[in-house]
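**Student:** Kindly generate the corresponding structure for this input.
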Amino acid sequence: MKVPVHPIEWRYGSEEMRSIFSVESRLQRMLDVEASLARALARVGLVPKRDAERISRCASIKRINIERVRKLEQEFQHETMAVAMALAEASGKSGRYVHLGATSNDILDTAMALQIRDGLAIIERQLRNLLMIILHRALEHRNTIMVGRTHGQHALPITLGLKFAVWAAEIGRHLQRLEQLKPRILVGKMSGAVGTGAAWGEQAEKIQRLVMQELRLSPPIATNQILQRDRLAELILFFGLLSSTLDKIAREIRNLQRTEIGEVAEPFAVRQVGSSTMPHKRNPIRCEKICGLARIIRGSVHAALENIVLEHERDLTNSSCERVLLPETFLLMDEMLATAIFVLSKLNVFPEQMKKN
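**Tutor:** Alright, predicted model coming up:
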């Protein structure tokens, strides 16, 4: 029996997001890319159509045994070769055309782009949901008077609606950033070893274009053996910015929930326990979780920037880092957004305490 170890396996993130970054999902996307390559090769006349069709039928985790892939990887010490060999075995005589002319990162980087696209769809949906909730609260409390604070001291009166409006505007800017970075991030590659496409000759550019069109990704203007990691770094930087905004919102709620202020409070369930020894406690644990996870996301930015620096046409120093970085940041970001949506939609507001303060 497999025992979960990392909290993203069981505690943080939704099943929807977890399914995108599961072992099965990663394998299926690699198979999807291999199948798309076979079909593109058939369209340009480098592979018989019948063989491409058979490869496509076999490119499914329903046909490819994950344990077989793992066994092959242990033997070859090479993940992509293990996947290609497993697909070739399943495809019978057509298997000789599997992975024809491709290099590992044609498959890996393009499969990663497919995961990123699906993951970002969830993030964007959550962001839009969060924005609508905050806008609703801004309208609801447009006349709720409270004291504004600067340097931790009382300043002049504001409305709670203004505080919500400031947050909404910031979330709106994050949505703009997300739209702007998509074209730079949702990119795949199919250009062979060192990026020249030499194995496919004059058909190389067309093959890459056909694969990317089918997978609904953009081809790179120019690349070597891998997609350049400034793309992934920009994505993680975006998550760093977004996590800091959520951290700021959560921290403000925590401060306004202090006993001596008591102007708002995150929701607290009937049977929820605030402390194992102090029954009066109503701790802002959800907001504290957001603040804690934001530290991990921001810490990931450094690793993503380091991954830009690779030698010559490629090296492998980014690979092990990204295997941790990508699923972790997506699942933690997913958890932070879901928690923020819950807290802000059910936030308790105490106008009388605001007047008193």
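**Student:** Would you map the strands across the stretch 251-357 of the chain?
**Tutor:** Assigned by DSSP state E, counting those that start in this stretch, the strands in the stretch 251-357 of the chain fall at 264-265, 348-349.
**Student:** helices or strands up against the first one?
**Tutor:** It refers to strand 264-265. If you count contacts as 3 or more Cβ pairs under 8 Å, 6 or more residues apart in numbering; DSSP states H and E, strand 264-265 packs onto strand 348-349. From N, CA and C alone the C-beta is placed, and that goes for glycine too.
**Student:** quick one: which of the strands of the stretch 251-357 of the chain is nearest residue 177?
**Tutor:** Comparison of the strands of the stretch 251-357 of the chain against residue 177 by Cβ to Cβ identifies strand 264-265 as nearest, at 27.8 Å.
**Student:** related to what we said a few turns ago, tell me which of the strands of the stretch 251-357 of the chain is the most buried.
**Tutor:** When you average the neighbours per residue for each of the strands of the stretch 251-357 of the chain (mean count of other Cβ atoms under 10 Å), strand 264-265 leads with a mean of 20.
**Student:** what's the offset of the helix or strand hosting residue 164 from the middle of its chain?
**Tutor:** Secondary structure from DSSP states H and E places residue 164 in helix 160-185. Offset of helix 160-185 from its chain centre (Cα atoms, centre = their mean, to the nearest Å): 17 Å.
**Student:** returning to that earlier point: format the strands of the stretch 251-357 of the chain as a markdown table; extra columns: mean pLDDT and distance to residue 139.
**Tutor:** Shown next, in a markdown table, are the strands of the stretch 251-357 of the chain (pLDDT from 0 to 100; distance: least, Cβ to Cβ, whole Å):
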| stretch | mean pLDDT | distance to residue 139 |
| --- | --- | --- |
| strand 264-265 | 94 | 17 |
| strand 348-349 | 96 | 13 |
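**Student:** Let's have those strands in CSV, adding distance to residue 306.
**Tutor:** As requested, the strands of the stretch 251-357 of the chain are exported to CSV (distance: least, Cβ to Cβ, whole Å):
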stretch, distance to residue 306
strand 264-265, 39
strand 348-349, 43
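**Student:** my read is residue 158 is in a strand, agree?
**Tutor:** Yes. Applying DSSP: H, G, I helix; E, B strand; the rest coil, one finds residue 158 inside a strand.
**Student:** beta partners of it?
**Tutor:** Counting by DSSP bridges, residue 158 forms beta bridges with residue 146.
**Student:** Quick check: it vs residue 105, distance?
**Tutor:** 52 Å (Cβ to Cβ, to the nearest Å).
**Student:** These two: who's more crowded?
**Tutor:** residue 105 (25 against 15; other Cβ atoms under 10 Å).
**Student:** how about the helices in the stretch 51-200 of the chain?
**Tutor:** 66-76, 79-90, 104-140, 160-185 (DSSP state H, counting those that start in this stretch).
**Student:** To residue 215, which of these lies closest?
**Tutor:** helix 104-140 (6.6 Å).
**Student:** That closest one to helix 160-185, inter-axis angle?
**Tutor:** With axes from the mean of the first three to the mean of the last three Cα atoms, to 10 degrees defining the directions, helix 104-140 sits at 160 degrees from helix 160-185.
**Student:** what is the rounded mean pLDDT of helix 104-140?
**Tutor:** For helix 104-140, the mean per-residue pLDDT is 97.
**Student:** what do you get for stretch 165-184?
**Tutor:** 98.
**Student:** And that stretch, what's buried?
**Tutor:** For stretch 165-184, a neighbour-count test (16 or more other Cβ atoms under 10 Å) marks 165, 167, 168, 170, 171, 174, 178, 181, 182 as buried.
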